[in-house]
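# Below are the sequence and a predicted model; questions follow.
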Amino acid sequence: MKRTYAWYLVLFLIVNLSASAQKKDKETVQAEHGMIGAADEKATAHNMHPDAQWYPEAGLGLFIHWGLASVKNLDISWPMIPGRALVDKKLDSAELARVVAQKDYNLNGKPPVITPNEYWAMAKNFNPQNYDPELWIKAAKAAGFKYAVLTTRHHEGFALWPSAYGNFSTKNYMGGRDLVKPFVDACRKYGMKVGLYYSPPNWYFDRDYMTFLYGRVYTSNPGLPQVDGDLNPRTGKKTSAEIKEHQAAYAAMVKGQVEELLTRYGKIDLLWFDGRAPVPNGANAITQEEIHQLQPGIVMNPRMHGKGDFITFERNPPKSDPKTWAEFCNTWTNSWANSNTIPFRSNPFALVEFVSARAWGVNYLLGVGPTADGIFPDAVYKNMKVIESWMKLNGQAVNQVQKLPATETASVPATVSGNNRYLFAIPKFKNNGKYDEDRLPAEDVVLTLKTASSPKSVKLLASGEDLNFKYTDQQISVNLPANKRTNLVDVVKIEL
């Protein structure tokens, strides 16, 4: 049997994710990436600087999406871009005229959730008086997170630091208050690696030069007009000279803002790009070589340059061994930024995604969103406490571990540390397998590991209890009865 990790297929049969839901997530991600110009992800030679070598064994990261959207508890940036419903619709001329006249781009008989100009107007109400990222990072550190990534500027265009480039940052709305520095300082205080997210697409800076309809709608309906920040058809057209001047200013803005982030706050461990600048040669508005001159030990993803130190899987986990440094990012709720009003996915589900990622040697970047006042909702801390308790008992199975060697296979996700093998018993779910009510009662289960090495001991990691097993034909079969299982992911430790 080739080392194809048969457990991956078993896993997603267990959690019973619907094919249509997976397809929808994949299509959404692809369409959004197309709109922001996110490059095909290829990891090339990793940064060999000693300061970069922490990344492949980091395990668990915290993705913090924050910005103007928090003022109205919206998802970040994308609510200002209507038209998803038009992607697979071909409208006749009469219906097309009605959609444009009524701004009914979502085909639901309602106006858009928010126009771009209404979205940007939230800047005057964004002033987080209770912002204390030490509380965030202290809790994350205790829960076993090893790095944190803050959205310093998303596609919305609002920079969380007083930038000298453009006129849409804390410099213009908060008297120069810097929201990035306290985050960096908190990470350093608690020994977390510092990650900064930066979006080269800037819809505010580009507001007079782009259309605010979603992705591929013009392919389905080429009669749709280009629309402005009020979602009205554009009436004027920029000259070639105006476009050229704007593109030069855009490239300078991207280069200048990235340089600000990499020179104002000391050592930065990770730079998380999300797309490329929509200008000629936009991928090189600032080159990787220029970035390494400013931060020699930094790691980067490839969404801007098409190459990087690691690749990112978004919403959809890897289906095979990526054979390179990699990361799987997903939300703890159904929204990247709004953690205040949306139910959290169950902790068993999050742990299933986490341990499955670690079995591929992939980091898991879990997304949350602070409120407009700068605090994490109570649910974030409550769920972090569950992860903290699990990590205290089972952390050795996911921290500083590797994939199974090519000569071994397991019936479930598994990791390796020296002579130890860690097998993860996955809880069963119904429906979409995301929430507490979806979890099914624990059952007796048999976990198997094919290996030429005989077992020295087999234990339930959390309790240290010995488990019954047999070793025949180079296969270890472990009996894990339901009465020894928890509601979370259980770990069997096999010492060879």
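On my side now, so go ahead. Numbering: from 1, shown residues only.

# Could you find the closest non-adjacent residue to residue 445?
Among residues not flanking residue 445 along the chain, residue 480 sits closest, at 5.1 Å (Cβ to Cβ, 6 or more residues apart in numbering). All C-beta spots, glycine's among them, are computed from the backbone N, C-alpha and C.

# let me redo that: residue 347
Excluding its sequence neighbours, the residue lying closest to residue 347 (Cβ to Cβ, 6+ apart) is residue 386, at 4.6 Å.

# Regarding that neighbour, what is its secondary structure?
Three-state call for residue 386 (DSSP: H, G, I helix; E, B strand; the rest coil): helix.

# pretty sure it contacts residue 348?
No. Checked against Cβ atoms under 8 Å, the pair residue 386 and residue 348 is beyond contact range at 9.4 Å.

# who touches both of the two?
Common contacts of residue 386 and residue 348, defined by Cβ atoms under 8 Å, 6 or more residues apart in numbering, comprise residue 488.

# Neighbour count for the two, which is higher?
residue 348 (25 against 17; other Cβ atoms under 10 Å).

# Please give me every residue in contact with the more buried one.
Residue 348 makes contact with 427, 429, 436, 439, 487-489, according to Cβ under 8 Å, 6+ apart.

# Redo these as CSV? Include neighbour count and pLDDT.
Formatted as CSV, the contacts of residue 348 follow (neighbours: other Cβ atoms under 10 Å; pLDDT from 0 to 100):
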residue, neighbour count, pLDDT
427, 24, 88
429, 22, 79
436, 14, 68
439, 20, 75
487, 14, 88
488, 22, 93
489, 25, 95
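
# Of all pairs in these, which one is the farthest apart?
Farthest pair in the contacts of residue 348 (Cβ to Cβ) is 436 and 489. Separation: 14.4 Å.

# pLDDT weak spots in the protein?
Across the chain, the ranges flagged by pLDDT under 70 are 1-25, 39-40, 431-433, 435-437.

# Stretch 73-91: how far from the chain's middle?
Averaged C-alpha coordinates place stretch 73-91 at 20 Å from its chain's average position (Cα atoms, centre = their mean, to the nearest Å).

# same question but for stretch 203-219, I mixed them up
Distance of stretch 203-219 from its chain centroid, counting by Cα atoms, centre = their mean, is 23 Å.

# Distance across it, terminal residue to terminal residue?
Stretch 203-219 has an end-to-end distance of 21 Å (Cα to Cα, to the nearest Å).

# ranges for the strands of the stretch 351-496 of the chain?
Secondary structure of the stretch 351-496 of the chain (DSSP state E, counting those that start in this stretch): strands at 363-368, 409-410, 414-417, 420-425, 445-450, 457-460, 469-472, 475-480, 490-495.

# where's residue 424 relative to residue 467, distance?
According to Cβ to Cβ, to the nearest Å, residue 424 and residue 467 sit 14 Å apart.

# So for those two, which residue has more residues nearby?
Each of residue 424 and residue 467 has its neighbours counted (other Cβ under 10 Å); residue 424 has more, 27 against 18.

# Please look at that one and residue 414 and confirm they touch.
Yes. With contact defined as Cβ under 8 Å, residue 424 reaches residue 414; the gap is 6.8 Å.

# Name the residues contacting each of the two.
Between them, residue 424 and residue 414 share these contacting residues under Cβ under 8 Å, 6+ apart: residue 359.

# re the thing from before, for the strands of the stretch 351-496 of the chain, which one sits closest to residue 127?
The nearest among the strands of the stretch 351-496 of the chain, by Cβ to Cβ, is strand 363-368 at 20.6 Å.

# Just checking: what are the partner strands of the closest one?
strand 60-64 (parallel), strand 326-331 (parallel) (DSSP bridges).

# quick one: contacts of that strand?
For strand 363-368, contacts defined as Cβ under 8 Å, 6+ apart pick out 55-56, 58-65, 145, 149, 310, 312, 326-333, 336, 339, 350, 353-354, 357-358, 376, 380.

# doesn't residue 268 make contact with residue 198?
No. Checked against Cβ under 8 Å, the pair residue 198 and residue 268 is beyond contact range at 10.5 Å.

# Can you work out which residues contact both of these two?
Each of residue 261 lies in contact with both residue 198 and residue 268 under the rule Cβ under 8 Å, 6+ apart.

# ok, which stretches of this protein are helices?
Taking DSSP state H to define them, one finds helices in the chain at 7-14, 19-36, 93-102, 116-120, 133-142, 170-173, 180-189, 217-220, 240-263, 288-294, 347-359, 378-394.
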